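Chemist: need a 3D model of the sequence below.
(chains A and B)
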Amino acid sequence: MNPSMKRAIPTAVVALIAILIPLFLNDKTVYVQTVLSAVVVVGLSLFMGYAGQASLGQGAFVAVGALTVAVSTVSFNVPPLIALIAAPVTSAGLAYVLGLPLLRLRGHYLAFGTLAVLLLVGALMGGVPILGGGAGIVGIPSLGIGSLVVTGQLFFAYLALAVLAVTMVVSRNVISSRFGRGVRAVAGSESAAASSGVPVLRTKLAVFALAGGCAGLVGGITAFFIPYVSAESFPPSMSFTYVIMAVIGGLGTLWGGVVGAVVVSVLVQALNTISNIPGTPPIVGLILQYAAYAIILILFLLYMPRGLWPTVGDAVKRRLAKRVKRSQTDYSDQHA
Amino acid sequence: MLSITALSRSYGGVFAVRDVSLVVGQGELRGIIGPNGAGKSTLMNLISGQTQPLRGSIHFDGARLERIPTHRRARLGIAIVFQGARLFRGMTVLENVMVGATSITQSGAFAAALRLPAQRREEHHIRERAVAALARVGLSDWADRPADSLPLGQQRRVQVARALAGAPKLLLLDEPASGLRAAERRDLSDLIAQLHGEGMTIVLIEHDVAMVMKLATRIAVLDLGQVIADGTPEEVRSNQRVIDAYLGTEVSRAHS
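Modeler: Now for the predicted structure:
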């Protein structure tokens, strides 16, 4: 077996497990939401991890994707498939336009700028009638082409999984390319990147739009999946969750985004189970969730600042290297 | 090839560069020396595009540079080796050098996402260029190390390789010898002489006056943002204003 096939084995195993899981779940909602948030986080990881920028506003682009589907299908009778394609395009376009002024900001200022976008989109969704102000948008049709309509949770589970797979492959290809090296160079030194011929602002814009596109597609799929879109169904807190997922999984790694999404989703699910015990006041769930976010974020920044995936990955690599060394020594002992 | 006319740049009312005019001919190794705060690095940043001039013009290969952003100047063939390391952390030495080839290549994110054949060919070409540039500066064995794990001398060489990967017409070296040990200085000096020998046009800003005296074909001396002398190493060495600016010390030491 050649080395590249050997390296593909773990990925194939993970993919197989991911394909099998929904078959054993009665309610696949959490599965679909977890996989979809992984897509958002992989996009965010490109922007935060590889390009070294900050965004607290990814939730806004998810919401805009959902709105694109909801408004275009319900108010303008746009065919569902077209609406789904329009979702990432709209979000990416919005990210690009907003990025023109925003991406001139750096660090904390950029984080606040993106936060403002998030709050703005939330306010528009809550207040403007055509965007579902107050009541939200209901009556989103099922996804399909003409009379061929797909329903059922299993379809969405596999759609989400396919989207995640494509996102991963595309992201990997992009990162290991001329453009991707430019992206990482911008994170390292903007002046040196520019002097090497990297158009710094345009590169940041492109990555922001790409991350926005990922978020928009997720929003679009979610709108068909739920199928209901309101300010409450896309709360601002989701934006922070994405950032926490990215940080815990490991910024600057693609698999870190997936790991972070899964770990945080499982955690939130466990907390929900606790707060759903009969007799617990309804506010407990939210309090537990925020407290848990704060605690794990602090713990990770203190003890595992690089995140789960790089830290565990390196530990495994070291262990393997040691084992190879030992077996080599054994070999030379025998033949001495 | 490079022609600077009456260039000025001030910071908070104080001129860092004032009415500087300078011509660098094709294939020339132009030294720029001057005491601390003479405006050497500001001049370099004005040429490479990190800062914009208040007045004056910069012509390069027939194009006016002042309004052209840094990354497009790189595309015109200007490469710079910064005084600080300014490597791209989180990337290997080879990847750092590959970034240098950005200025002479095309493919974008879309072609990369789909791994189009043209993109893959170009990627191969970039890798070959970077490997050659690394061999050129003697860092082939370090290619797969994280760039920021290298000692300073090597990091400077990575920067030189990164600049060379873009096949520049004009190479700007901003105090390349600062912080290097004697042996590293000699190696670097040899490398610069070699590049010049192959016809590369180079602007060398240095604190190490002896090194500039040895390498440069012409030297401009800056003091308080102005050119106080411009000529061959011999002319500059015997210029009274230069000796005054340096209080006689460094220049005469370089002479001996």
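
Chemist: how confident is the prediction for residue 15, by pLDDT?
Modeler: Assuming you mean chain A. What the model reports for A:Ala15 is a pLDDT of 94.

Chemist: wait, chain B was what I had in mind.
Modeler: pLDDT recorded at B:Phe15 is 91.

Chemist: what's across from the residue nearest the centre of chain B in the sheet?
Modeler: Geometric centre of chain B, nearest residue: B:Leu172, 1.9 Å, by C-alpha atoms, centre = their mean. Beta-bridge pairing for B:Leu172 (DSSP bridges): B:Ile80, B:Val203.

Chemist: quick one: contacts for it?
Modeler: B:Leu172 is in contact with B:Met44, B:Ile47, B:Ser48, B:Ile78, B:Ala79, B:Ile80, B:Val81, B:Ile202, B:Val203, B:Ile205, counting by C-beta atoms under 8 Å, 6 or more residues apart in numbering or on different chains. All C-beta spots, glycine's among them, are computed from the backbone N, C-alpha and C.

Chemist: out of those, which is nearest to A:Gly134?
Modeler: Nearest to A:Gly134, judged by C-beta to C-beta, of the contacts of B:Leu172 is B:Ser48 at 55.2 Å.

Chemist: what about the stretch 101-250 of chain B, any weak spots by pLDDT?
Modeler: Applying pLDDT under 70 to the stretch 101-250 of chain B flags the ranges B:247-250.

Chemist: so where's the stretch 1-150 of chain A shaky on pLDDT?
Modeler: Those would be A:1, if you go by pLDDT under 70 across the stretch 1-150 of chain A.

Chemist: can you map out the strands along it?
Modeler: Using DSSP state E, counting those that start in this stretch, the strands found in the stretch 1-150 of chain A span residues A:144-145, A:148-149.

Chemist: for B:Ser238, which of those is the nearest?
Modeler: Of all these, it is strand A:144-145 that lies closest to B:Ser238, at 85.4 Å by C-beta to C-beta.

Chemist: who are the packing partners of the closest one?
Modeler: On a contact count with 3 or more C-beta pairs under 8 Å, 6 or more residues apart in numbering or on different chains; DSSP states H and E, strand A:144-145 meets helix A:80-102.

Chemist: and the nearest residue to B:Glu175 once chain neighbours are set aside, how far from chain A?
Modeler: Ranked by C-beta to C-beta, 6 or more residues apart in numbering or on different chains and with sequence neighbours excluded, the top spatial neighbour of B:Glu175 is B:Gln83, at 4.4 Å. Using C-beta to the nearest C-beta, to the nearest Å, we find B:Gln83 at a distance of 12 Å from chain A.

Chemist: just the element for B:Gln83, please.
Modeler: Taking DSSP states H and E as the definition, B:Gln83 sits outside all helices and strands.

Chemist: ramachandran angles for it?
Modeler: Main-chain torsions, B:Gln83, degrees, to the nearest 10: phi -70, psi -50.

Chemist: so it makes contact with B:Asp174?
Modeler: Yes: counting by C-beta atoms under 8 Å, B:Gln83 does reach B:Asp174; the two are 4.6 Å apart.

Chemist: who touches both of those two?
Modeler: Residues touching both B:Gln83 and B:Asp174 by C-beta under 8 Å, 6+ apart: B:Ser41.

Chemist: that older thread, single out the most deeply packed of the strands of the stretch 1-150 of chain A.
Modeler: Mean neighbours per residue, mean count of other C-beta atoms under 10 Å in any protein chain shown, is largest over these for strand A:144-145, with a mean of 13.

Chemist: residue contacts, residue 197?
Modeler: Just going to use chain A. A:Gly197 touches B:His71, B:Ala74, B:Arg75, B:Thr102, B:Ser103, B:Ile104, B:Gly166, counting by C-beta under 8 Å, 6+ apart.

Chemist: break down chain A into its helices, ranges please.
Modeler: Along chain A, the stretches classed as helices by DSSP state H are A:3-20, A:29-45, A:58-74, A:80-102, A:107-127, A:153-175, A:178-188, A:190-195, A:200-225, A:237-249, A:254-275, A:283-303, A:308-334.

Chemist: which of those is buried the deepest?
Modeler: Comparing those by mean count of other C-beta under 10 Å gives helix A:58-74 as most buried, with a mean of 29.

Chemist: circling back: make a markdown table out of the strands of the stretch 1-150 of chain A and add distance to A:Ile82.
Modeler: Conversion of the strands of the stretch 1-150 of chain A to a markdown table gives the following (distance: least, C-beta to C-beta, whole Å):
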| stretch | distance to A:Ile82 |
| --- | --- |
| strand A:144-145 | 10 |
| strand A:148-149 | 15 |
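
Chemist: A:Pro310 is nearest to which of those strands?
Modeler: A:Pro310 lies closest, by C-beta to C-beta, to one member of the strands of the stretch 1-150 of chain A: strand A:144-145, at 41.2 Å.

Chemist: just checking: what are the partner strands of the closest one?
Modeler: Strand pairing (DSSP bridges) places strand A:144-145 next to strand A:148-149 (antiparallel).

Chemist: so who does the residue lying closest to B:Arg115 once chain neighbours are set aside touch?
Modeler: Spatial nearest neighbour of B:Arg115, excluding adjacent residues (C-beta to C-beta, 6+ apart): A:Asn173 at 5.5 Å. Residues near A:Asn173 by C-beta under 8 Å, 6+ apart: B:Ala112, B:Ala113, B:Leu114, B:Arg115.
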